[in-house]
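Q: Turn this into a structure:
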Amino acid sequence: MKRRFIAGAVCPRCGEMDKIVNYKLGDKNYRECVACGFKDEIRLQGSVRELDTRVNQTEDREVEETAVKILLPPSEKK
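A: Model prediction:
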C-alpha cells in the first residue's frame with residue numbers, strides 16, 4: 001500500500017493542515033489524518049465530458065469573410 005500526503009489538505013475533524021494521506025485498498029480510495037486518525041473513503045468522479053466550443057469542434061464550418069477598411073486618424077495641425 002503506497003501512501004501519499006496531500007499538500008495543503010486540511011483534516012475535517014481536527015483542522016490540521018498537511019496531515020492527510022491518500023491510499024488505495026482494492027478498488028477504493030481512502031484519505032486518513034495521521035494526527036487524529038480520521039479516515040473516510042474518497043469517491044472519485046469519472047471523467048467529465050468536455051464542453052463543445054469553437055476551439056475543440058472538429059466539424060467543418062463555413063466562415064463568412066468580410067473586408068475591413070482601416071481608417072487613419074486625421075493629422076493634427078500645429
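Q: can I assume residue 33 is in contact with residue 13?
A: Yes - the pair residue 33 and residue 13 qualifies as a contact (CB atoms under 8 Å) at a distance of 6.5 Å. (Each C-beta comes from the backbone N, C-alpha and C, glycine too.)
Q: which one of these two has more residues nearby?
A: More neighbours sit around residue 33 than around the other of residue 33 and residue 13, counting by other CB atoms under 10 Å; the figures are 20 against 13.
Q: Output the one helix or strand residue 24 maps to as PDB, nothing but the C-alphas.
A: When elements are defined using DSSP states H and E, residue 24 is found to belong to strand 20-25. Listed next in PDB are the C-alpha coordinates belonging to strand 20-25 (Å, rounded to 0.1, in the frame of the first residue of the first chain):
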ATOM      1  CA  ILE A  20      -3.800  13.900   5.300                       C
ATOM      2  CA  VAL A  21      -2.600  10.800   3.400                       C
ATOM      3  CA  ASN A  22      -4.200   9.200   0.400                       C
ATOM      4  CA  TYR A  23      -4.000   5.500  -0.400                       C
ATOM      5  CA  LYS A  24      -5.900   2.800  -2.300                       C
ATOM      6  CA  LEU A  25      -7.100  -0.600  -0.900                       C
END
